[in-house]
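Novice: pasting a predicted model and its sequence here:
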Amino acid sequence: MDKIYSIVLAAGKGTRMKTDLPKCAYPLLKKPMIEYIIEKLERTLIDENVVVVGHQKEVLMEILGDRVSYAEQKEQLGTGHAVLSAESRLAEKKGITFILPGDMPLMSIDLTNQIIKAHQEMGNDLTVVSMYFENPTSYGRIIRDDYGSIAAIVEEKDCSNDQKRIKEVNSGVYVVNNEDLFKVLKKIKKNERKNEYYLTDIVSLMRHDYKIGSFVVNESFMMMGVNDLYAVSIAERYLRDEINKNHMLNGVQMISPNTITIGHNVQIEPGVMIMPNTTITGNSVIKERAIIGPNTEIHNCFIDRFTEVKHSLLYDSSVGEYSTIGPFAHLRDHAEIGAHNRIGNFVEIKKSSTGTYTKAAHLSYIGDAIVGNNVNFGCGSITVNYDGVKKHLTRIGDDVFIGCNVNLIAPLSVESEVFIAAGSTVTEDIPKGSLSIARNKQINKADYYHNLVKPKQSEE
Ligand code: UD1
Ligand code: CA
């Protein structure tokens, strides 16, 4: 059997994106565009994927590693020239080649297979894949002859006013017999206006001596080319909808799903509820019956069952079962919160762990601390972990009550069953079972107001 190859064109700069990254490496929902494409191609009938790289090739090669073969296009002289760069890899091989642009992340596995099969069944030498767009701006237009056969593809900038009105557009996807392809590519003439070799010219070049067929895609959105940041937002919307739908069908409730973004590798168990304006990304796991959001961002976190997280930011952290986080909490850099905790308003926790039934309900900073069970951080109490040069550790045992506005100056060890008086600045370790008071004794000066303030007022 002849083999099936793909050539993915990803050497271009992506000038219309107006960003530094090469276009095909640009992330959609934090995953590079090219990865969507290769991931899907790997699950089609295609035997080998060849990616044409050029502009910032190392960025794309870093993303794809050795899961594909590469062809290099040293100078970006257009899509025809890009395909020709794969000549040394493919020209000698018998088979068919599926060509697609590296900026088409929405095309499905099924559709790819259907296109390949249609090419084979129709016995075409070249199959051109097209679709209809109500607004065809920026796509090449499909020109058909009087018999309805494809005669040419004309780029928007080269279109006459009549041609501009054509709504059938070139998807940029073609299936073509290998040996014919490389013969024809060499005949493409440079487009003088753009100084580029257009791949689209193979249609007019093959028109008389080869069998050209067409495949019109109904789900036209799948064929959209992502050329600018507006298109990025549209593609992301489709990807987001698809992911959310799968979670909802799996028993995850979403309130206003169009405001909810879930990454590809996120696992959410049935019975979870997600409120509006919530983003969950990275390798996050959300266990059953958790309520997440509204207005919450979670990245690379493990959130256990029956937790509640609202109006909060959680990065690279974990939350134990039955705990509540927020409103307005910030967990980061390995904050490992135990079960049945309450982490409340304006509390930041960094690189620290807590046992069960621990609370920091208001206005605390806990950094570089190992905290036991049943510890209560009073409002405004903080670990003072940084001396201006180095970070230091605070250890707190079980059953510790920390009064309001306490400074725990690290390195520090507070043993179990300890009370710390409000307003203390603790610099020494506290032994088990103590009450620690570390603040100045209060002085009340009698008759101060009458002696000082009143005479002043009567001077007027
Ligand atoms: C291209 C088609 C257009 C079609 C549209 C569909 C041509 C001339 N035009 O236009 O008919 O409607 O796709 O989305 O083919 N690339 C290279 N090397 C180059 C130039 C481009 O590898 O020298 C790559 C780009 O990285 C990109 C792909 O080829 O992934 C397509 O290039 P792009 O500039 O996006 O083509 P369009 O203008 O969208
Ligand atoms: Ca494009």
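Specialist: Nice, thanks for sending it over. Numbering: from 1, shown residues only. Ligands and ions are numbered 1, 2, ... in the order given.
Novice: next helix or strand past the longest helix anywhere in the chain?
Specialist: Identified as the longest helix of the chain according to DSSP state H is helix 229-249. The first helix or strand that comes after helix 229-249 along the chain, using DSSP states H and E, is strand 253-254.
Novice: heading C-terminal from that following strand, find the next helix or strand.
Specialist: Counting by DSSP H and E, the element after strand 253-254 in chain order, helix or strand, is strand 261-262.
Novice: direction included, what does that following strand pair up with?
Specialist: Neighbouring strands of strand 261-262 in its sheet, by DSSP bridges, are strand 278-281 (parallel).
Novice: so for the closest residue to ligand 2 within the stretch 201-350 of the chain, what's the nearest residue that isn't a sequence neighbour?
Specialist: Closest residue of the stretch 201-350 of the chain to ligand 2, Cβ to the ion: residue 225 (3.3 Å). Placement of C-beta: from N, CA and C, glycine included. Among residues not flanking residue 225 along the chain, residue 103 sits closest, at 5.1 Å (Cβ to Cβ, 6 or more residues apart in numbering).
Novice: dump the residue contacts of that neighbour.
Specialist: Counting by Cβ atoms under 8 Å, 6 or more residues apart in numbering, residue 103 makes contact with 14, 23, 24, 33, 225, 226, 227.
Novice: again with residue 346
Specialist: When contacts are counted by Cβ under 8 Å, 6+ apart, residue 346 touches 328, 329, 362, 363.
Novice: picking that back up, pull the distance from the longest helix of the chain to the chain's centre.
Specialist: How far helix 229-249 lies from its chain's middle: 11 Å, per Cα atoms, centre = their mean, to the nearest Å.
Novice: make residue 1 into 2 and carry on from there
Specialist: Let's use 2 as the start, then, which means that last one is helix 230-250.
Novice: let's see that helix as PDB, backbone CA atoms only.
Specialist: C-alpha atoms of helix 230-250 as PDB (Å, rounded to 0.1, in the frame of the first residue of the first chain):
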ATOM      1  CA  LEU A 230      -5.300  37.900  17.500                       C
ATOM      2  CA  TYR A 231      -9.000  38.400  16.700                       C
ATOM      3  CA  ALA A 232      -9.000  35.000  15.100                       C
ATOM      4  CA  VAL A 233      -7.200  33.600  18.200                       C
ATOM      5  CA  SER A 234     -10.100  34.800  20.300                       C
ATOM      6  CA  ILE A 235     -12.600  33.100  18.000                       C
ATOM      7  CA  ALA A 236     -10.700  29.800  17.800                       C
ATOM      8  CA  GLU A 237     -10.400  29.800  21.600                       C
ATOM      9  CA  ARG A 238     -14.100  30.300  21.900                       C
ATOM     10  CA  TYR A 239     -14.700  27.100  19.900                       C
ATOM     11  CA  LEU A 240     -12.100  25.200  21.800                       C
ATOM     12  CA  ARG A 241     -13.500  26.400  25.100                       C
ATOM     13  CA  ASP A 242     -17.100  25.500  24.200                       C
ATOM     14  CA  GLU A 243     -16.000  22.000  23.200                       C
ATOM     15  CA  ILE A 244     -14.100  21.300  26.400                       C
ATOM     16  CA  ASN A 245     -16.900  22.800  28.600                       C
ATOM     17  CA  LYS A 246     -19.600  20.700  26.800                       C
ATOM     18  CA  ASN A 247     -17.600  17.500  27.500                       C
ATOM     19  CA  HIS A 248     -17.400  18.400  31.200                       C
ATOM     20  CA  MET A 249     -21.100  19.300  31.400                       C
ATOM     21  CA  LEU A 250     -22.100  16.000  29.700                       C
END
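Novice: what packs against it?
Specialist: When contacts are defined as 3 or more Cβ pairs under 8 Å, 6 or more residues apart in numbering; DSSP states H and E, helix 230-250 sits against strand 28-29, strand 254-255, strand 262-263.
Novice: which helices and strands sit right next to the second one?
Specialist: Pointing back at strand 254-255 there. Under the contact criterion of 3+ Cβ pairs under 8 Å, 6+ apart, strand 254-255 touches helix 230-250, strand 274-275.
Novice: taking the mean pLDDT, what do you get for that strand?
Specialist: For strand 254-255, the mean pLDDT works out to 98.
Novice: quick revisit: let me know whether the longest helix of the chain sits next to ligand 2.
Specialist: No. Figure legend: helix 230-250 not in contact with ligand 2 (Cβ under 5 Å from the ion); closest approach 8.7 Å.
Novice: what about the residue nearest to residue 226, which SS state?
Specialist: coil (DSSP: H, G, I helix; E, B strand; the rest coil).
Novice: buried residues, stretch 15-22. List them.
Specialist: By 16 or more other Cβ atoms under 10 Å, the buried positions in stretch 15-22 come out as 15, 18, 22.
Novice: likewise for stretch 115-130?
Specialist: In stretch 115-130, counting by 16+ other Cβ under 10 Å, buried: 116, 117, 119, 120, 125, 126, 127, 128, 129, 130.
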